[in-house]
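Peer 1: Show me how the following folds:
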Amino acid sequence: MHYHSTGELLLLFASLLKIVAALTVTEDTTLTGDQTFSEAVTIEDGATLTLKEGSVYKFENDLSVHGGLVLDNRNVDGTVSFNRESSLNVTGSFELAVSNDVDMFFTSFYNSGSIYVKGSAVVQPAVTFEGLEVFINDGTIDAGSLDEGPAHSAIAFGDAFDPKKTPFINNGKVVVSGTEKFIEGNVVYLLAGNAVSFYAPVEGTGSVEVTNSYIGLNAETKCRRP
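Peer 2: Residues are numbered from 1 along each chain as shown. The predicted structure is shown next:
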């Protein structure tokens, strides 16, 4: 019979959970399996962090993407979660592939790079963006324009159940592009197109480009330009 010290058992338990403290990525790095990031994650310019082959990804603190972040969680039982009291700062590229709905709620949401939501051929996962105090896009937020073959995705701006509804300031570009035509003549194929919904007021000088997709506006939403 083998006995282990308390320290050895704690180390083993932590390794099984893959709990990562503060992480600064300075070179291309791939992590496999479930991951919990308990402290801030920073990806430096020129480096890419790839997360794959896991079903649970938790970001419990600030996330800064100056290089690249590729998060692949297409497990049908998978979850991706963020801490709504933290901040998201994207000046590089963030690619997200999921098979379930994801709430990307942050106290401060700022993008001047690119955020790409990859579609699924099986389901239509919805990714909802919200900044509770700061909600700014100066870059590109894209769902579907790079997908090939049958693929479906949906994105939303603002929490439909949040009475405050911080304005979404779009000085960049929102692109939503389906891979299949969902209107042919007078026939509408409800399961074919991608979708984008705006629950928050929209401000800014940017654009929204929608192709082969649905666009939805909350009854209280106002689109304004300065």
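Peer 1: While we're on Lys165, how confident is the model there?
Peer 2: pLDDT recorded at Lys165 is 83.
Peer 1: Also Cys223?
Peer 2: With respect to pLDDT, Cys223 has a value of 52.
Peer 1: ok, the closest residue to Leu146 other than its chain neighbours to Thr166 distance?
Peer 2: Among residues not flanking Leu146 along the chain, Tyr116 sits closest, at 6.6 Å (C-beta to C-beta, 6 or more residues apart in numbering). (Each C-beta comes from the backbone N, C-alpha and C, glycine too.) For Tyr116, the distance to Thr166 equals 23 Å [C-beta to C-beta, to the nearest Å].
Peer 1: before we move on, what about Thr211?
Peer 2: Applying C-beta to C-beta to Thr211 and Thr166 gives a distance of 28 Å.
Peer 1: again, but for Tyr57
Peer 2: From Tyr57 over to Thr166 (counting by C-beta to C-beta), the distance is 25 Å.
Peer 1: Tell me the first helix or strand C-terminal of whichever strand or helix holds Leu49.
Peer 2: Assigned by DSSP states H and E, Leu49 belongs to strand 48-52. Counting by DSSP H and E, the next helix or strand C-terminal to strand 48-52 is strand 56-59.
Peer 1: Could you check how far the closest residue to Asp77 other than its chain neighbours is from Asn73?
Peer 2: Nearest residue to Asp77, sequence neighbours excluded (C-beta to C-beta, 6+ apart): Ser55, at 5.8 Å. Counting by C-beta to C-beta, the gap between Ser55 and Asn73 amounts to 7 Å.
Peer 1: Same question for Asn212.
Peer 2: Asn212 is 25 Å from Asn73, by C-beta to C-beta.
Peer 1: So the two - more neighbours on which side?
Peer 2: Asn73 (23 against 16; other C-beta atoms under 10 Å).
Peer 1: can you list the weak-confidence ranges in the protein?
Peer 2: 1-21, 180-185, 187-193, 219-226 (pLDDT under 70).
Peer 1: before we move on, back to that, count the residues that sit near the residue nearest to Asp77.
Peer 2: Residues near Ser55, counting by other C-beta under 10 Å, number 16.
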